[in-house]
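> 3D model of this:
(one chain, ligands or ions: 2)
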Amino acid sequence: MKTYKALTIAGSDSGGGAGIQADLKTFQELKVFGMSALTAVTAQNTLGVQGVYPLAVDAVGQQIESIGTDLGTDAVKTGMLFSNEIIQAVAEKIRAFGWKNVVVDPVMIAKGGAPLLQQEAIAALKEYLLPLATVVTPNIPEAEALTGMSIQTLKDRKEAAKRLLETGVQYVVIKGGHDDVEDEAIDLLYDGQDFFYFTSKKIETKNTHGTGCTFAAAIAAELAKGNSINAAVQTAKDFIQAAIENQLGIGNGHGPTNHWAYQQKQHVQR
Ligand SMILES: Nc1ncnc2c1ncn2[C@@H]1O[C@H](COP(=O)(O)OP(=O)(O)O)[C@@H](O)[C@H]1O
Ligand SMILES: Cc1ncc(COP(=O)(O)OP(=O)(O)O)c(N)n1
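Ligands and ions are numbered 1, 2, ... in the order given. Coordinates of the predicted model:
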């Protein structure tokens, strides 16, 4: 049986709910061998981010080089990239290794409000990374920052998706977790021609730390296996829904999601 591999290039969340930790847990649950290149260390828990310590650009580049010159990968997922310099170094490596199935989660601000990307690096994401990406997965505020437009309605989201596609990315998913109007969590996929809706019941909970990372990592894992973008987004949606529904209830603030829940549900259904 082939071993599928995925590489996450992202920041570390000491609390284990988001970042590299969420990505590797998701890869593992979806039966994909996970590898990582750290961009930054964060001191973080369910109450917020207490410290951000970016790594040297060379250290980021060397980790990716070590993976590319030996193991290779079937998919890449990027998360917290922090600076213009790190974005450029990551884009250069992805281009040099010719990697496909590149999922860009344009992480900007943690739910508690801590900045995880420097403001001036937003332009670098668009210029260097999105043209190499298979899919970009912004939440609504991230889509607003990337397009410069305000997003209030689903119609606005469609317009933003169209604008994002102009950067050269193949597919756009604008997630709906921040849409306060809907009582459903609706994620919108655009392939340049058609729009597809991935809808689930919105769960009333404060424990959604790391949902975006987990969702994007699940897409990367499914693309690594050769699945289509629509199938990958559907599995990611099912994965995150199970992870939010079956909360762990740990920590005193915004708790992490449950990365075991999707597989547990699959076993019960069998
Ligand atoms: N309360 C919720 N109930 C159900 N699904 C949710 C909820 N909050 C977020 N999601 C889902 O989690 C994923 C991440 O969404 P979102 O919160 O928009 O991104 P981010 O975590 O990057 O801010 C999406 O698939 C979204 O639909
Ligand atoms: C190290 C690190 N990376 C990314 C995030 C943001 O995670 P996300 O899944 O977008 O959701 P929140 O944690 O912000 O709710 C992070 N916090 N830390």
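
> Validate this expectation: A185 resides in a helix.
No - assessed with DSSP: H, G, I helix; E, B strand; the rest coil, A185 is strand; it does not lie in a helix.

> Can you tell me how far it is from Q241?
Per C-beta to C-beta, to the nearest Å, A185 is found 8 Å from Q241. To be clear about C-beta, it is placed using only N, CA and C from the backbone, and glycine gets the same treatment.

> Over to K158?
With C-beta to C-beta as the criterion, K158 and Q241 are 23 Å apart.

> When these two are compared, which one has more neighbours?
Q241 (22 against 16; other C-beta atoms under 10 Å).

> For that one, which non-adjacent residue is closest in space?
Using C-beta to C-beta, 6 or more residues apart in numbering and skipping the chain neighbours, the partner closest in space to Q241 is S200 (4.7 Å).

> Give me the phi and psi angles of that neighbour.
Backbone torsions of S200, given as degrees, to the nearest 10, read phi -140, psi 170.

> Compute the number of surrounding residues for it.
By other C-beta under 10 Å, neighbour count at S200 equals 17.

> so who does it touch?
184-185, 237, 241 (C-beta atoms under 8 Å, 6 or more residues apart in numbering).

> L116 now?
11, 40, 42, 49, 52, 80, 82, 107-110 are the contacts of L116 under C-beta under 8 Å, 6+ apart.

> helices and strands around the helix or strand bottoming out on mean pLDDT in the chain, which ones?
One helix or strand of the chain scores below all others by mean pLDDT, DSSP states H and E: helix 261-269, with a mean of 89. Contact here means 3 or more C-beta pairs under 8 Å, 6 or more residues apart in numbering; DSSP states H and E; on that basis helix 261-269 packs against helix 229-245.

> Please export the alpha-carbon coordinates of the helix it packs on; CSV is fine.
Taking Å, rounded to 0.1, in the frame of the first residue of the first chain, the C-alpha atoms of helix 229-245 are listed here in CSV:
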residue,chain,number,x,y,z
ILE,A,229,-10.9,19.2,-4.6
ASN,A,230,-14.7,18.8,-4.1
ALA,A,231,-14.2,15.4,-2.3
ALA,A,232,-11.3,16.9,-0.3
VAL,A,233,-13.4,19.8,0.9
GLN,A,234,-16.3,17.6,1.8
THR,A,235,-14.1,15.3,3.9
ALA,A,236,-12.5,18.4,5.6
LYS,A,237,-16.0,19.7,6.3
ASP,A,238,-17.1,16.3,7.9
PHE,A,239,-13.8,16.2,9.8
ILE,A,240,-14.1,19.6,11.3
GLN,A,241,-17.8,19.2,12.1
ALA,A,242,-17.1,16.0,14.1
ALA,A,243,-14.2,17.7,15.8
ILE,A,244,-16.3,20.7,16.9
GLU,A,245,-19.4,18.6,17.9
